[in-house]
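[1] After the sequence you'll find the predicted model.
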Amino acid sequence: MALDRPTPNDLRAFWMPFTANRQFKQAPRMLVAADGMFYTTSDGRQVLDGTAGLWCCNAGHKRPKITEAIQKQVEELDYAPAFQMGHPKAFELANRLVDMAPEGIDHAFFTNSGSESVETALKIALAYHRAKGDASRTRLIGRERGYHGVNFGGISVGGIVNNRRHFGAMLVGVDHMPHTHIPQNQWSKGQPEHGANIADELERIVALHGADTIAAVIVEPVAGSTGVLIPPKGYLQRLREITRKHGILLIFDEVITGFGRLGSPFAAQHFDVMPDMITCAKGLTNGVIPMGAVLTTAEIHDAFMTGPENLIELFHGYTYSGSPIASAAGLATLETYREEALFERTAEMAPYWEDAVHSLKGRRHVIDIRNMGLIGAVELEPIAGAPTQRAFNAFLKAYEKGVLIRTTGDIIAMSPPLIIEKAHIDQLIGTLADVLDNLD
Ligand SMILES: Cc1ncc(COP(=O)(O)O)c(C=O)c1O
């Protein structure tokens, strides 16, 4: 059924993000509606959402509670200044977030995206040490293959070559730990066995620069955007031990792992490792309205709450930090997760998902498969001389066959809404199997 929705006849003006613009505009893929697990395309087809939008629509699409909350909020209070003024819902949402965060996380600073959350956390880390009289701690440590958004702090600590190489010198004083993706862990189900010792490379970096120059280490507990890299058993625990030993803050970038993706509210709880800060976004509002947050310990927050009470403690914030509509959407989203026990459901569904994703072992071109919670990755042998092409062809074919997946390099990544049913998993993986069988 074709929907009565106008599709634009001129695609020139919109410079699309992270997209091959010219290729897209020759054969556009337009989504015009969404409900539950499915998108509707402009030519009236139903496409199963295997990616929760961009890892953000964790409760699925068109959720009534969220829609109604936004509608009601826009009629009641459309916007309130974020600086030196407040409105009740931002405070309420901060409390709900802190309630669901790991024990010891007590404060939330609102942003509008994952990238902004990362910048905010890095700035808080630097300013925290300064506030404590430790102003020499200015270095930031990221990791190879890390993705922390697209702003200058994020690409500096990030480890994706294409996101960095065109944009100049970046932040100074940044170093990178090695990534954890090693061949011994091929075909691992859940957390891989080998590689906890890779965390010890941080000791080398500390020895090189001196602990008293390092402010923070930032990692994704599970790296998503560089192809789903699952932390080896014991790795995150070891990172925590080393950072704690040297007085270095540990930031978990939970922009994709937050809000149930692994079956717990945050990955910190799933792995039982307590960071000093958590950055989040995406699933915070079910992807409906841009919003992010940085969650911090009281120790960090309280370090700023000194000096004269009439002075601003942190010179940072956004026009839309905790905006009324985003806050209303966030509250309704968290309520939806809770009412439908979606995080618990994810944990229950994860073994079925794991078996389904790993059933693709042996299909053409498949050289590795990885999974955790409701995340799955299928890595393909690249076409010689044309890296990324094979996985992108798979993406196009899957879309034609009614399934939305995502690719990064030659890796197919899947992260469906947490409301996914077994029949949807069968459809997603069955379609992908068919696509792989017929892929050049
Ligand atoms: C771990 C991580 N950090 C940061 C970001 C950036 O988020 P945004 O695109 O909302 O700026 C992403 C986006 O995928 C992410 O996966």
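    Now that the structure is in, tell me what you want to look at. Residues are numbered from 1 along each chain as shown.

[2] interface residues of the stretch 101-250 of the chain facing the ligand?
    Contact residues, the stretch 101-250 of the chain versus the ligand (C-beta under 6 Å from any ligand atom): 113, 114, 115, 118, 147, 148, 149, 220, 224, 225. The C-beta positions use only the backbone N, C-alpha and C, and glycine is treated the same way.

[3] quick one: which of those is nearest residue 425?
    If you rank these by distance to residue 425 using C-beta to C-beta, residue 224 comes first, at 19.0 Å.

[4] leaving aside the residues next to it on the chain, what's closest to that closest one?
    Counting by C-beta to C-beta, 6 or more residues apart in numbering, residue 224 lies nearest to residue 256, which is 4.2 Å off, once chain neighbours are set aside.

[5] can you pull the contacts of the one you found?
    Contacts for residue 256 were tallied using C-beta atoms under 8 Å, 6 or more residues apart in numbering; they are 55, 220, 222, 224, 225, 282, 375, 415.

[6] what's the closest non-adjacent residue to the fifth one?
    Translated: residue 225. Distance criterion C-beta to C-beta, 6+ apart; nearest residue to residue 225, sequence neighbours excluded, is residue 147 at 3.7 Å.

[7] Surely that neighbour and residue 223 touch.
    Yes - when contacts are counted by C-beta atoms under 8 Å, residue 147 is listed as touching residue 223 (6.7 Å).

[8] what helix or strand does the closest residue to residue 105 other than its chain neighbours sit in?
    Spatial nearest neighbour of residue 105, excluding adjacent residues (C-beta to C-beta, 6+ apart): residue 295 at 4.8 Å. Per DSSP states H and E: residue 295 is located in strand 292-297.

[9] Just the CA atoms of that strand, as CSV, please.
    Output in CSV follows, covering the C-alpha atoms of strand 292-297 (Å, rounded to 0.1, in the frame of the first residue of the first chain):
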residue,chain,number,x,y,z
GLY,A,292,21.9,13.2,25.6
ALA,A,293,23.3,13.3,29.1
VAL,A,294,26.5,12.9,31.1
LEU,A,295,26.0,11.0,34.3
THR,A,296,28.6,11.6,37.1
THR,A,297,29.4,10.6,40.6
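
[10] Need the contact partners of it.
    Against strand 292-297 from outside (C-beta under 8 Å, 6+ apart): 94, 97-98, 101, 104-114, 116-117, 120-121, 124, 255, 276-282, 284.

[11] Find the residue at the geometric middle of the chain.
    Nearest residue to the geometric centre of the chain (C-alpha atoms, centre = their mean): residue 256, 2.3 Å.

[12] On the pLDDT front, check that residue for me.
    If you check residue 256, the pLDDT there is 98.

[13] Report the secondary structure state of it.
    For residue 256, the assignment made with DSSP: H, G, I helix; E, B strand; the rest coil gives coil.

[14] so what's residue 208 up against?
    residue 175.

[15] A strand includes it, no?
    No - secondary structure of residue 208 (three-state DSSP): helix, not part of a strand.

[16] quick one: it and the ligand, what's the gap?
    As judged by C-beta to the nearest ligand atom, to the nearest Å, residue 208 and the ligand stand 26 Å apart.

[17] can you tell me the distance between the two ends of stretch 106-124?
    One end of stretch 106-124 to the other measures 15 Å (C-alpha to C-alpha, to the nearest Å).

[18] Surely residue 317 and residue 83 touch.
    Yes - using C-beta under 8 Å, residue 317 is in contact with residue 83, at 6.0 Å.

[19] And the two? Which one has more around it.
    residue 317 (15 against 10; other C-beta atoms under 10 Å).

[20] and that one, how far is that from residue 150?
    Note on residue 317: its distance to residue 150, by C-beta to C-beta, to the nearest Å, is 20 Å.

[21] Could you pull up the contacting residues of the residue in the chain that the ligand sits nearest to?
    Closest to the ligand within the chain is residue 114: 2.2 Å, counting by C-beta to the nearest ligand atom. Applying C-beta under 8 Å, 6+ apart to residue 114 gives the contacts 148, 149, 253, 255, 279, 280, 281, 282, 292.

[22] hang on, the earlier thing: I'd like to know which of the contacts of strand 292-297 are part of strands.
    Taking DSSP state E, the ones among those that sit in strands are 105, 106, 107, 108, 109, 110, 111, 277, 278, 279, 280.
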